[in-house]
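Participant: Could you work out the structure for the sequence below:
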Amino acid sequence: MARAARTSGAARRTRKAADGGSDDALEARLIDAALAIAARDGWRAASAAAIATEAGVGLAALYERFPDRTAILAALMRRIDRAVLAEPVDPEGSARDRLFDVLMRRFEALQAHRAGITAIVRAGVDPLRMAALAPALARSMAWMLTAAGLEADGLFGRLRLAGLVVVYTTAFRAWLADDGADLGKTMAALDRGLAQAERWASALPNARR
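Facilitator: The predicted model follows:
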C-alpha cells in the first residue's frame, strides 16, 4: 500500500513536471508565451493551441491555469503588481509624490513586456474582454494606493480609487507612445493627471480629512 502511494505520488510529480513544473513556473511560462506570440505574430495569433505549444505544455495544463486569454491578461496585471509591491515606498513626501513613485515603478515594470503589450492594445481588446478586466484593474489600483500609504476603502477611498483608475489609464496611453529611455512623456502625463486629481480631491467636502 505504501509503495503504491509512493508510486502514485511520483507519477503525479512526473505529470506535473511534464505540464510545466510548479504552479508559479507554469503561470510565468504561459504569460511569457502569450506575450511572445503577440509581439511576434500579433495578439490574434495567440490562440490556446499556439500558447500551449509556445510554452511547451499540453492544452489541459493551459486550461487548468488559464481557461481564456482574459485570465492571462489578469495574471499579467498581478505579475506587475507583485513587482511594484516587492519594493517598499519611502514614507516621506506627499501622497501625490508617493503615488507618482508607485505608478512610475509600475510603468518601469511594464517596460520588459512593451512589445507584447503594445501588440495586444494594437489588436484592440473587445468590449467584453475590457469589461472582464475592469475588476482586475481596479484591484491593481487599490493595491497601488495601499503601497502609497492611502486608503482605498469607504466612500472617499472609492472616490480616490476611481480617480486613480482614470489617471493611470491616461498615463498608460502616454506610455504606449513613449519611446524615450527615461519615459519622460509618461512621467509628464502621470504628473499632470495626479495634479488634476489632487485639485478635484481638494474640492470635495471633508477634503482635509
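Participant: Enumerate every residue touching the residue nearest the centre of the chain.
Facilitator: Note on the chain: the residue nearest the mean C-alpha position is residue 77, at 1.3 Å, using C-alpha atoms, centre = their mean. When contacts are counted by C-beta atoms under 8 Å, 6 or more residues apart in numbering, residue 77 touches 133, 136-137, 139-140. In short, each C-beta sits where N, CA and C put it, glycine included.
Participant: three-state assignment of it?
Facilitator: Here residue 77 is recorded as helix under DSSP: H, G, I helix; E, B strand; the rest coil.
Participant: Report all helices and strands that the lengthiest helix in the chain contacts.
Facilitator: Longest helix of the chain, by residue count under DSSP state H: helix 154-176. On a contact count with 3 or more C-beta pairs under 8 Å, 6 or more residues apart in numbering; DSSP states H and E, helix 154-176 meets helix 95-110, helix 114-123, helix 127-147, helix 184-202.
Participant: how about TSV for those, with mean pLDDT and mean neighbour count added?
Facilitator: Putting the helices and strands packed on helix 154-176 into TSV (pLDDT from 0 to 100; neighbours: other C-beta atoms under 10 Å) gives the following:
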stretch	mean pLDDT	mean neighbour count
helix 95-110	95	19
helix 114-123	92	17
helix 127-147	86	16
helix 184-202	90	16
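Participant: related to what we said a few turns ago, which of the contacts of residue 77 lies closest to residue 103?
Facilitator: Each of those was scored against residue 103 by C-beta to C-beta, and residue 140 proved nearest at 10.5 Å.
Participant: As CSV, the contacts of residue 77 with distance to residue 118 would be great.
Facilitator: Below are these laid out as CSV (distance: C-beta to C-beta, whole Å):
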residue, distance to residue 118
133, 17
136, 19
137, 18
139, 23
140, 19
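Participant: right, and residue 151 touches residue 157 too?
Facilitator: Yes. Using C-beta atoms under 8 Å, residue 151 is in contact with residue 157, at 4.4 Å.
Participant: Spit out the residues that contact those two alike.
Facilitator: Common neighbours of residue 151 and residue 157 (C-beta under 8 Å, 6+ apart) are residue 145.
Participant: so for the longest helix of the chain, what's the average pLDDT?
Facilitator: Across helix 154-176, pLDDT averages out at 92.
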